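Engineer: how would this look folded up:
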Amino acid sequence: MVGEGREDKKDNDLFYLCGLIDYMARKTKNERSYIVNKLGKERLEKIYDLADVYHCDNIDRVSEDFIKEADIKNGTFDNVNECGYAIPSHWDIGKVYKRLVKKVAEEDGIDTISSLIKVYNSFISPKIDDYNSSVYYENPSYIYESYREGSLL
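Structural biologist: Below is the predicted model of the structure:
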């Protein structure tokens, strides 16, 4: 029997989904909330449910398929180009969002995708996505408490 690894499978699926959202946002130069809202709850649930299948495929192709399917247009938000420091990978940012989405779902007693939509549409998302600030590499509990408070602490 093959071990499950250190992390729960659904945590890993959420990590993949959050990393994919960031990848798509960078590729299309859009804010993460725009990507989440264009994908919509049904499509987000599909990606989350089938993340282990999508993860086996090339992320560029997977992202392109969903960009076309959700009719995501190119924007002008380019937090990667505007970054004056080392740029975190889409997986680095995916991990930050995964932790926050999971915590909000647990604390609010809501499903994972509802939590994801809530988090990406909150004030904290642009703060995490400002790579010239320190928010994305702050302690997960600081990010969560700031989210709860509605402002950075």
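
Engineer: Spatially central residue for the protein, please.
Structural biologist: residue 18 (2.8 Å; C-alpha atoms, centre = their mean).

Engineer: Mind telling me what element that residue is part of?
Structural biologist: helix 9-28 (DSSP states H and E).

Engineer: Show the subsequent helix or strand relative to that helix.
Structural biologist: Later in the chain than helix 9-28, the nearest helix or strand by DSSP H and E is helix 32-49.

Engineer: Show residues contacting that next one.
Structural biologist: 10, 13-14, 16-17, 20-22, 24-25, 28, 54, 66, 69-72, 75, 77, 97, 112-114, 116-117, 120-121, 125, 129 (C-beta atoms under 8 Å, 6 or more residues apart in numbering). Yep, even glycine has a C-beta here, placed from its N, CA and C like the rest.

Engineer: pull the helix or strand with minimum mean pLDDT from the chain.
Structural biologist: When the helices and strands of the chain are scored by mean pLDDT, DSSP states H and E, helix 51-54 comes last with a mean of 95.

Engineer: And for residue 108, the neighbour number?
Structural biologist: The tally of other residues near residue 108 (other C-beta atoms under 10 Å) stands at 12.

Engineer: Is it in contact with residue 115, as I believe?
Structural biologist: Yes - look at residue 108 against residue 115 with C-beta atoms under 8 Å: they come within range, at 6.6 Å.

Engineer: picking up where we left off before, quick check on the contacts of helix 32-49: which are buried?
Structural biologist: Among these, those classed as buried by neighbour count (16 or more other C-beta atoms under 10 Å) are 13-14, 16-17, 20-22, 24-25, 28, 54, 66, 72, 77, 97, 112-114, 116-117, 120, 125, 129.

Engineer: Quick check: buried residues in stretch 84-102?
Structural biologist: 88, 90-91, 93-102.

Engineer: Restricted to helices, list the residues you listed.
Structural biologist: When the buried residues of stretch 84-102 are checked against helices (DSSP state H), the matches are 90, 91, 93, 94, 95, 96, 97, 98, 99, 100, 101, 102.

Engineer: Can you lay out those residues as CSV showing pLDDT and distance to residue 145?
Structural biologist: CSV is the format used below for those (pLDDT from 0 to 100; distance: C-beta to C-beta, whole Å):
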residue, pLDDT, distance to residue 145
90, 96, 25
91, 97, 24
93, 96, 19
94, 97, 21
95, 97, 18
96, 97, 14
97, 98, 16
98, 98, 17
99, 98, 13
100, 98, 11
101, 98, 15
102, 98, 15
